[in-house]
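Q: generate coordinates for the sequence data below:
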Amino acid sequence: MNKKILASTITLALSLCATASAKTIELPVQSEQTPSIYDMPGTYFDGVTERADEALEQKHAFPFQIRRNAMSLPAQPQFQAFSAQADPAVSQTPAQRSGCADLPLDGAIYLNFSEQGQIKCYSTEITEPTKIEGLLVNIPQDVDYNLYLFKLEDDNSFTPLDIADSTTALTEKVVVKAEPGAYIIAAEAKTGFSAEQSIIGWFSHPDFDQHEANDKPGQATALPSNGTITGNIDNQNDLDYFIYQVGEGQTAIALNFSASDQFSLELWTGSSWAKVPHNQQVNLNTGGSNGAVFQVRGNAANLPPTAAQYTFTVSNPHSATKISGIHTWNNENLTNLLSPSYLEAHQEIGMSGTAIDAAGNPVPYASVALRAISRESEIGFKNLLADAQGKFSSTLSLPDCSGTKDARVKNRVTRGTATNPEQWWDINYNTAVYQYLLMDETGSSKYDFAHGFFHICKEKIVQTCYWHKDYASGQEEYICNRR
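A: As a prediction, this is how the structure comes out:
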C-alpha cells in the first residue's frame, strides 16, 4: 500500500560539494496519494493468460561505472541556512545553485543513510529533450526510502515532477519527459535507515514517444473515446500505461493492438494482468466499470528496437450516430438509360462510407448494415464492421429478378454511325431502395440512410439505326435493323 505524504514541504539539509557550508532548501511536495495499480478500475477479460502485477521482473542494471561518495554528510536536526550573494554576471551550475552534487544523466552513485529523515540529492543540466528515468535500487529490508524528481527553476525553486513512495519496495523509480533545463533527483530515508549501500542514478532515454512519461499507473495516458495512437518502447524497463474512460451507458470497448511479438499488451482485470491478443479486433464488455487500464511493454526475451512502433486502436463501437461520405456505385456493363439521378444495378451494388460520432469523429469498428429492398421485400443484406478509421466499403449481392416495369429507351447517340449507332433498348426492371444502417447493441437500427435505385432484370437491344453515306453519289441513307 502506498502512503500519503504528510507534509506539504520537505526540507533538504545539504552541503555544497566544493565547501563545508550547509544550505537549507525548501522543496514543495503536494500532499497526495501516489496511485497504485490497485486503485485503478478493472475490466473482466475471459479465456486469456493472466499474471500478478508483482510477477513482472525488471532488470535495473547500470551499464557504467558507479561513483562513490567522497564525503558522507551526517543528517542533523537543524542546519543554518546558507545564503550566497551570487554574481549575476557569473554563470552558476545546478550544483552551485541547488546545493545538490553534480551527477550527469547516465550516471549513478552509491549512497547510504546514517539517520532517519536524512536526504541526499544530485543535480544535472540537459540541453536536449529526453525522458529521464531515475532509480534507487538495493533498498535494504525493513526501511522505507523515497525517491523524488524535481525541476530546478530559474529562481532556484524546486518544482516536483514525480515521486516514488512505496513503503515496501526494494527499488524506487521516478520518470518524467524533460525539456532542456536543470533537474534534481533526491532520496530520503523516510522510515528507518541502514549503513548498507544503495545506488541512486538516472538514465536518459531520448527516443521516447509523444505519450511519455506514462511509465506508472498514475501517469497513464488517456486514450481517445474513438481513435488510434502509436508508440514505442524506449528502454528495457519502459512500461506504457493507458487508461480508457468508459462513457455513460457504454457497454463495450472494441480494440485492436497492431504490433509484432516483440510487444505485449495487457489489460488490468482488477486483480491481475490479462494478455490481449495481437493484430485482431477484440471486444470487451465494460461490465459496469468506469474505465479500462492497459499496459504495453517489450518482450523481455526479444526487446523491440526503439524505432519499432505499435498501433493501438480503441473505440466505443456503439457511439456512431451517422454515416458520412456515402458513396454508392455499380461497375456492371449496364445502359444506365432510365434516369440520370438513379443508380442502376443488376447483380451487385457497391456501398461505402465512414461511421462518425456526434462530434464528427470516426468510430472504429462501428456495426454497419447494408440492405436492399424491392417490392417491399428484402433482396440483399450484409452486416459488417468499420475499420480502424471508421471506414467501410463492400459489395452487396442482388438476386435475379422478374421486373414489374418495362421501358423502351434510346441511347444518347443523336446521329448514329455504323460504329456508333443509335440504339433502342427494352428494359425490364423494378424500383428498389438501398439502405445504410447503424446498429445498436441489440441489433436494432438507430440510423437509416435510404435512396432509390433501379434493379435491372433484363436489358435487350430491339433496334439499331445509323446513317450511311454513299460517297459516289453523295447521298445519305438512314438504315435500321430490328432484333
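Q: for this structure, which strand is longest?
A: If you go by DSSP state E, the chain has its longest strand at strand 445-470.
Q: would you mark the buried spots in it?
A: 447, 453, 454, 455, 456, 457, 459, 463, 464, 465, 466 (16 or more other C-beta atoms under 10 Å). Backbone N, C-alpha and C define where each C-beta goes, glycine included.
Q: now, which of these sits nearest residue 472?
A: Nearest to residue 472 out of the buried residues of strand 445-470 is residue 466 (C-beta to C-beta; 18.7 Å).
Q: so the closest one makes contact with residue 411?
A: No - applying C-beta atoms under 8 Å as the test, residue 466 and residue 411 come out as separate, 11.7 Å apart.
Q: what residues are shared contacts of those two?
A: Counting by C-beta atoms under 8 Å, 6 or more residues apart in numbering, the contacts common to residue 466 and residue 411 are residue 422.
Q: now the helices: where do they sit in the chain?
A: 94-98 (DSSP state H).
Q: coming back round to it: got the buried residues of strand 445-470 as JSON lines, with distance to residue 244 columns?
A: Below are the buried residues of strand 445-470 laid out as JSON lines (distance: C-beta to C-beta, whole Å):
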{"residue": "447", "distance to residue 244": "24"}
{"residue": "453", "distance to residue 244": "40"}
{"residue": "454", "distance to residue 244": "46"}
{"residue": "455", "distance to residue 244": "44"}
{"residue": "456", "distance to residue 244": "48"}
{"residue": "457", "distance to residue 244": "50"}
{"residue": "459", "distance to residue 244": "53"}
{"residue": "463", "distance to residue 244": "66"}
{"residue": "464", "distance to residue 244": "65"}
{"residue": "465", "distance to residue 244": "68"}
{"residue": "466", "distance to residue 244": "68"}
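Q: can you list the low-confidence ranges for this structure?
A: 1-33, 47, 69-90 (pLDDT under 70).
Q: quick check: domain ranges of it?
A: 9-35+59-205, 217-315, 322-470 (automatic domain parsing).
Q: in JSON lines, list the ones you listed along with distance to residue 477.
A: Converted to JSON lines, the domains of the chain look like this (distance: least, C-beta to C-beta, whole Å):
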{"stretch": "domain 9-35+59-205", "distance to residue 477": "84"}
{"stretch": "domain 217-315", "distance to residue 477": "67"}
{"stretch": "domain 322-470", "distance to residue 477": "5"}
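Q: of all those, which one comes closest to residue 46?
A: Nearest of the domains of the chain to residue 46, taken as C-beta to C-beta: domain 217-315 at 8.5 Å.
Q: any idea how far the spatially closest residue to residue 399 that is not a sequence neighbour is from residue 432?
A: Excluding its sequence neighbours, the residue lying closest to residue 399 (C-beta to C-beta, 6 or more residues apart in numbering) is residue 379, at 5.7 Å. For residue 379, the distance to residue 432 (C-beta to C-beta, to the nearest Å) stands at 7 Å.
Q: neighbour count winner among the two?
A: A count of neighbours by other C-beta atoms under 10 Å puts residue 432 above the other of residue 379 and residue 432, at 23 against 19.
Q: hang on, isn't that one packed against residue 454?
A: Yes - Residue 432 is within contact range of residue 454, at 6.9 Å (criterion: C-beta under 8 Å).
Q: related to what we said a few turns ago, which ones are touching the residue nearest to residue 399?
A: Contacts for residue 379 (C-beta under 8 Å, 6+ apart) come out as 372, 373, 398, 399, 401, 432, 455.
Q: gap between stretch 451-462 and the chain center?
A: 48 Å (C-alpha atoms, centre = their mean, to the nearest Å).
Q: now what about that stretch, what contacts it?
A: Contacts of stretch 451-462 (C-beta under 8 Å, 6+ apart): 328, 334-335, 338-339, 342-346, 349, 372, 374, 379, 398, 400-403, 408, 423-434, 482-483.
Q: which among these count as buried?
A: Buried among the contacts of stretch 451-462 (16+ other C-beta under 10 Å): 328, 334, 338, 343-346, 349, 372, 374, 379, 398, 401, 403, 423-425, 427-430, 432, 434.
Q: how far away is residue 101 from residue 181?
A: Counting by C-beta to C-beta, the gap from residue 101 to residue 181 is 18 Å.
Q: again with residue 141
A: Distance from residue 141 to residue 181, by C-beta to C-beta: 36 Å.
Q: which of the two has more neighbours?
A: Set side by side, residue 141 and residue 181 show more neighbours around residue 181, with 15 against 9, by other C-beta under 10 Å.
Q: what's opposite residue 368 in the beta bridge?
A: On the basis of DSSP bridges, residue 368 is bridged to residue 384, residue 438.
Q: counting neighbours, what do you get for it?
A: 25.
Q: which residues does it contact?
A: 323, 353, 355, 383, 384, 385, 386, 392, 436, 437, 438, 439.
Q: dump the residue contacts of the first one.
A: Put plainly, it is residue 323. Here residue 323 is in contact with 353, 354, 355, 356, 368, 436, 438, 447, 449 (criterion: C-beta under 8 Å, 6+ apart).
Q: looking at the residues you listed, which is nearest residue 272?
A: residue 355 (33.9 Å).
Q: quick check, that closest one in contact with residue 363.
A: Yes - using C-beta under 8 Å, residue 355 makes contact with residue 363 at a distance of 4.6 Å.
Q: looking at those two, which one has more neighbours?
A: Per other C-beta under 10 Å, whichever of residue 355 and residue 363 has more neighbours is residue 355, with 32 against 28.
Q: give the contact list for the more buried one.
A: 320, 322, 323, 362, 363, 366, 368, 386, 390, 392, 438.
Q: surely the last one meets residue 449?
A: I take that to be residue 438. No - using C-beta under 8 Å, residue 438 makes no contact with residue 449, being 9.2 Å away.
Q: and the closest residue to residue 97 other than its chain neighbours, how far from residue 94?
A: Distance criterion C-beta to C-beta, 6+ apart; nearest residue to residue 97, sequence neighbours excluded, is residue 156 at 5.2 Å. With distances taken as C-beta to C-beta, residue 156 is found 10 Å from residue 94.
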